[in-house]
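**Q** Predicted coordinates and the sequence they were generated for:
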Amino acid sequence: MNTTWAAKRVLVLGAGRTGLAVARFLSARQARVVLADRNLAKLSDLSLPSAVAVCSEHNATQLVSGFDLVVTSPGVPPTNPVLRRAQELRLPIWSEIELAARHLSVPIVAITGTNGKSTTTVLLGEICRQAGRRAFVGGNLGTPLIEAVADQGCTLVVAEVSSFQLEWVECLQPHVGVFLNLSPDHLDRYPDLDAYGEAKLRLFARQGPTDFAILNRDDAWIWSQRQRIRSTLRTFAHGHSFPCHAWVERERLCVVDEGAEPWNLDLSASALVGVHNRENIMAAALAARCLQLPAAAVQAALNSMRPLPHRLELVREWRGVRFYDDSKGTNVGAVRMSLASFDRPVVLLAGGYEKGGNYVCLASDFQQRVRHAVFFGASGPKWAAQLGRFVAHTVVGSLKQGVQVAAELAKPGDIVLLSPGCASFDEFEDFAHRGQCFRQWVQEL
């Protein structure tokens, strides 16, 4: 669905990695591009094609009527004045993945969910590699999807997509769509869980009967929406108490499909451990099955892939205590999954930048698995107010203080787990920076 861009006037909102990629893509196709951002200093430091003009977000609000299209970056909320004005003028608004989808001629696998998107995306990319398929792997994971358009050799796109990216899609039609799980997150952007889930469901809106939708049978919210799916349904679940297409029995992954040989794959050698990774593995295997990739490629990928950084990653064992970095665990669902991955007492480090979450839902998890909680950062007092009566706890101002306290409290055989349940922006650049600092402080003990 390629578009002729010559002389089209396009406003690109947001000058991060995504916005820059979009601006370069469109200007190379002779569109008249203006890149807008609220940070004027950032715009002056960018290396941009000479044809790309820049302006402040404030000026863009005044100028938006002069454009044919607005392409918005994921970090820009729908309440942004530029987007509101564009809607009033009935101008089309696209996300970057919508722009990319209109220019891609290869099948797309799109993976969404609150947790596990990156691991599932990278695992499926590795399965494709083991099968000899040249796949572009990116999206919300890191490399903007628009860069896949110029990747001449790829025969398939495997993309992580977020709810933010899905807010402004119209024609995106993934051949395989995956919805891993849904738990409260980004409630500073969405009024409730239903609104958050609805944004993610846009992944399936344009699918037809020859496409596939892979759903988590264990997730009550996702399963309640199955009647809205018009594509071919494939499901996975942790147990096999009800019919599904993929499940795990001890260290075996079972995948079945009508009229085809079942898969019975060995998980004992996989480094992707924990309850959450079982979901990721089942979803990736089902996607591989939908793409008609061989079981041997799935097995090889399971044996070779290592955990992604800051996702339940062992940092070190010190004085009989194991320290794990799960800095990517930025919501309550991730915390619950991480805690469920251990059968030892846990000293939990939780806190950071508040995203509008409610932590009371973790009360039973804390009572069952957490010996002591160390609440840190801007949200530390809120954690303590909501969960303090359920668990022994300490409140500290920073993560660095939290590491010291957790190390003093932990006993031989314990797990010290950084699974913050919050964003990182009160102290750090992002979750990776937080994880790197945590690892450094643990190594310095």
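**A** Nice, thanks for sending it over.
**Q** Please count neighbours and contacts with C-alpha atoms only from this point.
**A** Fine.
**Q** what about Ser118, is that helix, strand or coil?
**A** Secondary structure, DSSP: H, G, I helix; E, B strand; the rest coil: Ser118 is helix.
**Q** how close does it get to Leu302?
**A** 15 Å (C-alpha to C-alpha, to the nearest Å).
**Q** So for the spatially closest residue to Arg38 that is not a sequence neighbour, what's the pLDDT?
**A** Nearest residue to Arg38, sequence neighbours excluded (C-alpha to C-alpha, 6 or more residues apart in numbering): Glu57, at 4.8 Å. Here, the pLDDT recorded for Glu57 equals 94.
**Q** show me what contacts the residue lying closest to Pro209 once chain neighbours are set aside?
**A** Nearest residue to Pro209 in three dimensions, chain neighbours excluded: Ser231, at 4.3 Å (C-alpha to C-alpha, 6+ apart). Neighbouring residues of Ser231 by C-alpha atoms under 8 Å, 6 or more residues apart in numbering: 204, 207-213.
**Q** are any of these buried, and which?
**A** Among the contacts of Ser231, the ones that count as buried by 16 or more other C-alpha atoms under 10 Å are 204, 207-208, 211-213.
**Q** so of these, which ones are in strands?
**A** Under the assignment DSSP state E, these contribute 212-213 to strands.
**Q** ok, so of the buried ones among the contacts of Ser231, who is nearest Asp426?
**A** Nearest to Asp426 among those is Phe204, at 35.0 Å by C-alpha to C-alpha.
**Q** Next one: the closest one from Pro412, what distance?
**A** Note on Phe204: its distance to Pro412, by C-alpha to C-alpha, is 48 Å.
**Q** any idea how far Gly113 is from the residue lying closest to Arg202 once chain neighbours are set aside?
**A** Closest residue to Arg202 apart from its sequence neighbours, by C-alpha to C-alpha, 6+ apart: Leu166 at 6.2 Å. Separation of Leu166 from Gly113 (C-alpha to C-alpha) stands at 12 Å.
**Q** Kindly report the same for Thr61.
**A** 32 Å.
**Q** Of those two, which one has the most company?
**A** More neighbours surround Gly113 than the other of Thr61 and Gly113, with 23 against 17 (other C-alpha atoms under 10 Å).
**Q** residues contacting the more buried one?
**A** Gly113 sits in contact with 162, 178-182, 200, where contact means C-alpha under 8 Å, 6+ apart.
**Q** One more pass at 10 Å, please.
**A** 160-163, 178-183, 197, 200-201, 215-216, 222 (C-alpha atoms under 10 Å, 6 or more residues apart in numbering).
**Q** before we move on, what about Asp68?
**A** 7-11, 32, 86, 91-93.
**Q** Narrow those residues to those that are buried.
**A** Burial by neighbour count, judged by 16+ other C-alpha under 10 Å, picks out 8-11, 32, 86, 91, 93 from these.
**Q** For those, give me a markdown table that also has pLDDT, distance to Ala296 and secondary structure.
**A** Below are the buried ones among the contacts of Asp68 laid out as a markdown table (pLDDT from 0 to 100; distance: C-alpha to C-alpha, whole Å; DSSP: H, G, I helix; E, B strand; the rest coil):
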| residue | pLDDT | distance to Ala296 | secondary structure |
| --- | --- | --- | --- |
| Lys8 | 96 | 48 | coil |
| Arg9 | 97 | 49 | strand |
| Val10 | 98 | 46 | strand |
| Leu11 | 98 | 46 | strand |
| Arg32 | 97 | 48 | strand |
| Ala86 | 98 | 50 | helix |
| Leu91 | 97 | 49 | coil |
| Ile93 | 98 | 43 | strand |
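**Q** could you dump the residues you listed to a markdown table with distance to Val395?
**A** What follows is those, written out as a markdown table (distance: C-alpha to C-alpha, whole Å):
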| residue | distance to Val395 |
| --- | --- |
| Lys8 | 55 |
| Arg9 | 52 |
| Val10 | 49 |
| Leu11 | 45 |
| Arg32 | 53 |
| Ala86 | 45 |
| Leu91 | 49 |
| Ile93 | 44 |
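**Q** out of those residues, what pair is the most spread apart?
**A** That would be Arg32 and Ala86, which, of the buried ones among the contacts of Asp68, are the farthest apart (C-alpha to C-alpha) at 17.4 Å.
**Q** Please report the number of neighbouring residues for the residue nearest to Leu399 when sequence neighbours are not counted.
**A** Spatial nearest neighbour of Leu399, chain neighbours left out: Phe376 (5.7 Å); criterion: C-alpha to C-alpha, 6+ apart. If you count neighbours by other C-alpha under 10 Å, Phe376 ends up with 27.
**Q** Kindly report the same for the one 4 residues further on.
**A** Gly380 sits with 23 neighbouring residues when counted by other C-alpha under 10 Å.
**Q** can you list the domain ranges for the protein.
**A** 9-91, 98-304, 313-443 (automatic domain parsing).
**Q** Can you tell me the centre-most residue of this structure?
**A** Lys117 (4.4 Å; C-alpha atoms, centre = their mean).
**Q** Tell me the pLDDT of that residue.
**A** Lys117 carries a pLDDT value of 97.
**Q** That one: what's it in contact with?
**A** Counting by C-alpha under 10 Å, 6+ apart, Lys117 has contacts 110-111, 123, 140-141, 159-162, 178-181, 280.
**Q** mind listing what Ser338 touches?
**A** Applying C-alpha under 10 Å, 6+ apart, the residues near Ser338 are 274-277, 311-312, 324, 326, 329, 332, 417-419.
**Q** any idea how far Pro345 is from Glu251?
**A** Taken as C-alpha to C-alpha, the span from Glu251 to Pro345 is 24 Å.
**Q** neighbour-wise, which of these two wins?
**A** Using other C-alpha under 10 Å as the criterion, Glu251 and Pro345 rank with Pro345 on top: 19 against 12.
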